[in-house]
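# Fold the following.
(2 chains)
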Amino acid sequence: MIKVLGFMAIGILCGFLLRHKDWLVNFITPLFTCSVYLLLFLIGVNIGVNKMLVDRLGVIGVQAFVLTLGSVLGSSIMALLCYRLFFNKKNKRQNK
Amino acid sequence: MKGNIIIIGFFIAGILLGLSLYLPDFLLNKDLSTYILYILMFLVGVMVGADKLSFSIIREVKFEILVVPIFIIVGTFVGVSIVSLLLDDINLKGALAVGAGFGYYSLSSIIITEMEGEALGTLALLANIMREIFTLLFAPILVMFFGKLAPIASGGATSMDSTLPVVRKYSGTEYSIISVYSGIVLTILVPIFVTFILKYL
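Residues are numbered from 1 along each chain as shown, chains lettered A, B, ... in the order given. Okay, the predicted model is just below:
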């Protein structure tokens, strides 16, 4: 899986070097979208052939919802803390 | 939002094809999805690297902008760890890996599927899609209760593109730069965190 990170690093370098070429963005975004569609389709196929997993989709949905609440609330509370610590103070200073 | 529906459509179409008997064998070849994942990672890199904002932002980062993603990461990991106690068959490692998607469902679910199997990968897909949709729908409520950084935090990696419009609308345009910066940092960290959590935890 280190390979995955390597591909991303090469991509960042390529993107940075070619960042002034407008055709690149126009070309990359639909390509990216299509590969996401294709991959999720393939993930779907692999779930579909796995009867046990299909039966559990409802349970997985509920678990996903609980984890979503955890991540949204956790990060929002920390965002509030960050805001109070660093952002409010700055605004007050500017107001003076 | 439309993008989400199309993506879920492809996912459901895949499940239905998998359930049916008319299934070409090559679709079940694991190598196929691995190669597409490599292509996808390369494309993500190119998009981050070519983003005109991303490098101009680095020049003007100030301390308070720099720390925003750190707070988001800590909040996400603490949040999913706590709620994972409510879930019988999800262990801490699984919950952290799902949380490390930071809303980037395509990437996180694919990497998790490759490393841990379809069950956790599906959970990652659903949880991270929900995180994005939740942010799009409830950004004004998040701002009301948790301040102007909250939609950026809730959006996670998506705050650089798909949830950026709601951040601009409800936190204000002056938060765009923080939003894009935080989204880019988290996008780069998604594959790194997911890989390391699954491998070393």
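# any residue of stretch B:191-201 up close to chain A?
Yes - using C-beta under 8 Å from any C-beta of the partner chain, stretch B:191-201 reaches chain A at B:191-192, B:195, B:198-199. C-beta here means a position set from N, CA and C on the backbone, and glycine is covered the same way.
# For B:Met41, see how far away the spatially most central residue of chain B is.
Taking C-alpha atoms, centre = their mean, the centroid of chain B lies closest to B:Tyr104, which sits 1.8 Å from it. Distance, B:Tyr104 to B:Met41, by C-beta to C-beta, to the nearest Å: 12 Å.
# tell me the contacts of the residue lying closest to B:Tyr104 once chain neighbours are set aside?
Using C-beta to C-beta, 6 or more residues apart in numbering or on different chains and skipping residues adjacent in sequence, the residue nearest B:Tyr104 is B:Ala157, 4.0 Å away. Residues near B:Ala157 by C-beta atoms under 8 Å, 6 or more residues apart in numbering or on different chains: B:101-104, B:183, B:186-187, B:189-190.
# Make TSV from those and add secondary structure to it.
Below are the contacts of B:Ala157 laid out as TSV (DSSP: H, G, I helix; E, B strand; the rest coil):
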residue	secondary structure
B:Gly101	coil
B:Phe102	coil
B:Gly103	coil
B:Tyr104	coil
B:Gly183	helix
B:Leu186	helix
B:Thr187	helix
B:Leu189	helix
B:Val190	helix
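# Among these, which pair sits farthest apart?
B:Gly101 and B:Gly183 (13.2 Å; C-beta to C-beta).
# Overlap of the contact sets of the two?
B:156-157.
# Show me the helices in chain B, by range?
In chain B, the helices defined using DSSP state H lie at B:2-19, B:30-50, B:52-59, B:63-66, B:68-84, B:92-99, B:105-116, B:118-146, B:150-155, B:164-170, B:176-200.
# sorry, back to before: just the buried ones out of the residues of stretch B:191-201 next to chain A, please.
B:191, B:195, B:198 (16 or more other C-beta atoms under 10 Å in any protein chain shown).
# Pull the contacting residues for the nearest residue to the last one once chain neighbours are set aside.
To tie it back to what came earlier, the one meant is B:Leu198. Nearest residue to B:Leu198, sequence neighbours excluded (C-beta to C-beta, 6+ apart): B:Met115, at 4.7 Å. Listed by C-beta under 8 Å, 6+ apart, the contact partners of B:Met115 are A:1, B:194-195, B:198-199.
# Rank those residues by pLDDT and give me only the lowest.
By pLDDT, A:Met1 ranks lowest within the contacts of B:Met115, coming in at 62.
# In terms of pLDDT, where does B:Ile57 sit?
Looking at B:Ile57, the pLDDT reads 67.
# Hmm, I typed the wrong one, I wanted A:Asn95.
47.
# for B:Ser54, same thing?
67.
# per-residue confidence at residue 51?
Going with chain A. 84.
# not what I meant, chain B
79.
# repeat for A:Leu39
Reported pLDDT for A:Leu39: 86.
# Who are the contact partners of it?
B:33, B:36-37, B:40, B:106, B:110.
# Of the residues you listed, which ones also sit close to chain A?
Among the contacts of A:Leu39, the ones lying near chain A by C-beta under 8 Å from any C-beta are B:33, B:36-37, B:40, B:106, B:110.
# and of the helices of chain B, who's closest to A:Phe87?
helix B:63-66 (6.2 Å).
# Counting by contacts, list what that closest one packs against.
helix B:176-200 (3 or more C-beta pairs under 8 Å, 6 or more residues apart in numbering or on different chains; DSSP states H and E).
# In space, what's closest to B:Ile133 - neighbours in sequence excluded?
That would be B:Asn4: by C-beta to C-beta, 6+ apart, it lies 6.5 Å from B:Ile133.
# give the contact list for that neighbour.
B:129, B:132-133.
# again, only using 10 Å
Counting by C-beta atoms under 10 Å, 6 or more residues apart in numbering or on different chains, B:Asn4 touches B:105, B:129, B:132-133, B:136, B:162.
# Please apply the same query to B:Thr113.
So B:Thr113 contacts A:39, A:42-43, A:46-47, B:30, B:33, B:37, B:119-122, B:124-125 (C-beta under 10 Å, 6+ apart).
# If anything else comes up later, I'll come back, but that's it for now.
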